[in-house]
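Participant: Have a look at this prediction, sequence included:
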Amino acid sequence: MNAVTSDPLRRIAELPGVGDAVEETRTIVDRLLGHRVLRRRSSDVSMESALRGASASAVLEGADASLEQVRSAHSDDPRISGALRVSGEIGTLVPIWASAPRQVLARLHALAAADAVPAESLGRPRSDGEPAADPLNIGAPPEPGVVAARLGALDTLLGAEGTVPALVVSAIVHGELLALRPFGWGDGLIARAAARLTLVDRGLDPKGLVPVELGHEAARDEYGRALRGYLSGTPEGVAHWVLHCCRAVTAGARDSLATCEALKRG
């Protein structure tokens, strides 16, 4: 099954367990959004979330660095510098994400891969015969023609008005981009940033407070298994992926709640 087909999101939102997982996750995120520390220090929590999310995303992409190494910028790993650049620019890309997703994806690749690929390859989708990194061990990527078609379907999905929960839309964006690996380098950094962009754009996490990447990194083995379930195209596999993504958002929200409590204590 290709998850991005006519009216796919409503069907996915109605798969067993998805509705309950979405509601449980929204409850935790709403608790975070209502924390009184955010009245004065929302930007501090957002910055910490961006840093922690970038660190986790880089590790998922294969980097070997602690959060403190990332915080102090003591690493020359291009995956870490790329993750930090991507995370730092998410806020500026929100206004155009739904209307020009391919433009945003190209920009994300230029940020992610600036230290890793030739300048002429930045923002350019891979062509026939070009390799694609596979840090999650999911196998060969689709051919470029398939990638282009499915990116077109994502354009339609993101541009459409709808009532499907942001968590479901974000999970499908994330899964599609991990499956497609459209650029060949840094695709995981891009996919996780796009998922986060979707949560911000669709109002679940409007201030970018939730380091979702931490949730994926904390359950790294499950992340790969859930993605393979998504790639299987079965209803059970797709539901498993969405549930995993909900748990990752929950974990990220809890992490930021802990940040809020630490700031409250001073």
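Facilitator: Looks like it came in fine. Numbers count the residues shown, from 1 in each chain.
Participant: C-alpha only now, for contacts and for neighbours.
Facilitator: Will do.
Participant: Restrict stretch 245-254 to CA atoms and write it as CSV.
Facilitator: Extracted C-alpha coordinates of stretch 245-254, given in CSV (Å, rounded to 0.1, in the frame of the first residue of the first chain):
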residue,chain,number,x,y,z
CYS,A,245,5.4,8.6,16.4
CYS,A,246,2.7,9.4,19.0
ARG,A,247,4.9,7.9,21.7
ALA,A,248,7.9,9.9,20.4
VAL,A,249,5.9,13.1,20.7
THR,A,250,4.8,12.1,24.2
ALA,A,251,8.4,11.5,25.3
GLY,A,252,9.5,14.8,23.8
ALA,A,253,6.7,16.7,25.6
ARG,A,254,7.6,15.0,28.9
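Participant: Name the residues that touch it?
Facilitator: 21-22, 25, 28-29, 32, 167, 171, 209-216 (Cα atoms under 8 Å, 6 or more residues apart in numbering).
Participant: Nearest to V117 among these?
Facilitator: Nearest to V117 out of the contacts of stretch 245-254 is E213 (Cα to Cα; 23.7 Å).
Participant: Spit out the contact partners of the closest one.
Facilitator: Neighbouring residues of E213 by Cα under 8 Å, 6+ apart: G53, A54, A56, S57, R192, A248, G252.
Participant: cool, and L227?
Facilitator: G175, W241.
Participant: run the last query once more with 10 Å
Facilitator: 136, 138, 174-176, 178-179, 237-238, 240-242, 244-245 (Cα atoms under 10 Å, 6 or more residues apart in numbering).
Participant: before we move on, what about F183?
Facilitator: Residues in contact with F183 (Cα under 10 Å, 6+ apart) are 105-106, 109, 113, 121-127, 130-133, 144, 147, 177, 190.
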